[in-house]
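In: No letters, just coordinates:
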Ligand SMILES: Cc1ncc(COP(=O)(O)O)c(C=O)c1O
């Protein structure tokens with residue numbers, strides 16, 4: 001089917017002056033196909049979503065099975081439904097014991113909104129500490145705690161009582177005090193250009209939160225779901241958050257997020273006032289069925305096992321005099337160049353050659369690579385060859 005660019009540009013709200021404009025026909029595994037039959041390798045997983053590839057058959061079947069049972073039947077938190085029940089017990093079984101209660105929502109930003117409200121309500125405090133250069137979402141609360149001033153200034157006033165510290169800077173930890181409701185951070189900063197903290201730093205944050213009674217919220221919306229080689233990145237740093245937020249790849253291609261905490265903490269949302277956080281579509285049965293199937297695929301296909309080897313292979317193959325630095329954890333990469341202009345040309349050239357890389361929101365001198373974890377060694381070799389060609393052509 002021919003797709004109208006005119007409708008897309010005029011009747012759908014636009015977010016940037018230069019959208020990618022690929023007319024999508026279908027998607028399968030690591031590939032997207034356009035309406036002219038051109039194939040693209042999706043090296044960004046639809047921005048951190050398709051960690052198990054597009055349309056994984058097990059996920060598609062789970063969605064179809066749920067479609068035959070029921071779709072939406074009631075707002076979140078009233079009826080007992082199998083998909084959210086099964087998803088909650090599966091997820092909790094994969095998490096440390098203090099994370100035993102899930103609140104399912106619709107997106108990453110809503111997961112963070114819920115987490116912030118929960119921390120304020122539980123501690124009775126108002127101060128929130130976040131990190132510079134962070135990205136936590138686009139709604140008012142999540143925007144308030146995000147670190148990119150350029151994206152925020154047009155929307156002020158935002159939430160009050162927010163302080164920022166540098167990410168991975170031990171000296172700034174002293175900012176956390178008895179006034180702090182929560183510290184929220186991405187375990188690995190994604191849109192800042194893949195910033196990996198030291199274990200000592202995250203452990204010091206954890207300790208300071210315990211000393212002051214502040215809750216630690218880890219946003220694993222981008223770095224979770226196997227992206228870094230463990231199901232959640234925090235597992236590699238010997239710490240556990242008080243609240244974990246997930247979304248993106250969690251749904252296997254359908255929209256769902258969650259904030260997860262201890263039952264004792266979560267229970268404050270049920271009183272004074274009751275309905276402390278509510279959502280119509282949170283825990284949607286079809287989305288939960290898809291999320292459950294996604295966790296099963298990661299487990300059944302041992303997808304975590306291959307992540308480090310595949311990440312290393314990319315790193316070995318992506319050598320070029322124009323590449324200034326590669327930052328990597330698992331299959332999450334930032335590839336640095338001298339300027340945003342060079343990056344821009346390479347991303348467009350790679351697209352022309354059939355490989356999708358993409359920009360970062362807050363670090364224009366890099367492009368991102370975060371392919372489906374299902375990518376094979378051969379597909380990595382083919383993709384890297386094309387990227388190097390795109391760099392040469394710049
Ligand atoms: C770390 C992080 N947190 C939150 C979000 C917001 O998620 P969503 O776009 O689903 O609202 C994103 C999206 O890119 C993200 O990368």
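Out: Now that the structure is in, tell me what you want to look at. Remember, predicted model here, so these are calculated numbers, not experimental data.
In: alpha carbons only for contacts and neighbour counts from here, please
Out: Will do.
In: What separation is there between the residue lying closest to residue 135 once chain neighbours are set aside and residue 365?
Out: Here the nearest residue to residue 135 in space, its sequence neighbours aside, is residue 146; by Cα to Cα, 6 or more residues apart in numbering that works out to 4.8 Å. Relative to residue 365, residue 146 is positioned 20 Å away (Cα to Cα, to the nearest Å).
In: Have a look at the two and say which one is more surrounded.
Out: In this view residue 146 and residue 365 are compared by other Cα atoms under 10 Å, and residue 146 has more residues nearby, 23 against 20.
In: Walking through the stretch 1-150 of the chain, point out its strands one by one.
Out: In chain order, the stretch 1-150 of the chain shows strands spanning 24-28, 31-34, 39-42, 101-105, 127-131, with DSSP state E, counting those that start in this stretch as the criterion.
In: With the ligand as the reference, name the closest of the ones you listed.
Out: strand 101-105 (10.0 Å; Cα to the nearest ligand atom).
In: Which neighbouring elements make contact with the closest one?
Out: helix 82-93, strand 257-261 (3 or more Cα pairs under 8 Å, 6 or more residues apart in numbering; DSSP states H and E).
In: so does that strand get close to the ligand?
Out: No: Strand 101-105 stays out of contact with the ligand when judged by Cα under 6 Å from any ligand atom, the minimum separation being 10.0 Å.
In: for the stretch 1-150 of the chain, what are the low-confidence residue spans?
Out: Counting by pLDDT under 70, the stretch 1-150 of the chain contains no low-confidence residues.
In: again, 90 this time
Out: Scanning the stretch 1-150 of the chain for pLDDT under 90 picks out 1-2.
In: For the strands of the stretch 1-150 of the chain, give me CSV that also has mean neighbour count.
Out: Supplementary listing: the strands of the stretch 1-150 of the chain in CSV, determined by neighbours: other Cα atoms under 10 Å:
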stretch, mean neighbour count
strand 24-28, 15
strand 31-34, 20
strand 39-42, 24
strand 101-105, 25
strand 127-131, 23
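In: Now render those as a markdown table, adding distance to residue 385.
Out: Formatted as a markdown table, the entries for the strands of the stretch 1-150 of the chain read as follows, by distance: least, Cα to Cα, whole Å:
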| stretch | distance to residue 385 |
| --- | --- |
| strand 24-28 | 21 |
| strand 31-34 | 16 |
| strand 39-42 | 12 |
| strand 101-105 | 40 |
| strand 127-131 | 36 |
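In: Quick one: closest of those strands to residue 336.
Out: Judged by Cα to Cα, the one of these that comes nearest to residue 336 is strand 39-42, at 19.5 Å.
In: so of the helices and strands packed on strand 101-105, which one's packed in deepest?
Out: Neighbour counts (mean count of other Cα atoms under 10 Å) averaged over each of the helices and strands packed on strand 101-105 peak at strand 257-261, with a mean of 28.
In: tell me the angle that one makes with helix 82-93.
Out: In terms of direction (axes from the mean of the first three to the mean of the last three Cα atoms, to 10 degrees), strand 257-261 departs from helix 82-93 by 50 degrees.
In: So which elements touch strand 257-261?
Out: Counting contacts by 3+ Cα pairs under 8 Å, 6+ apart, strand 257-261 is packed against strand 101-105, helix 108-123, strand 243-246.
In: if I pick the residue in the stretch 251-394 of the chain positioned nearest to the ligand, what's in contact with it?
Out: When Cα to the nearest ligand atom is the measure, the stretch 251-394 of the chain has its nearest residue to the ligand at residue 257, with 7.3 Å between them. Contact criterion Cα atoms under 8 Å, 6 or more residues apart in numbering gives 104-108, 110-111, 245-248, 250-251 as the residues in contact with residue 257.
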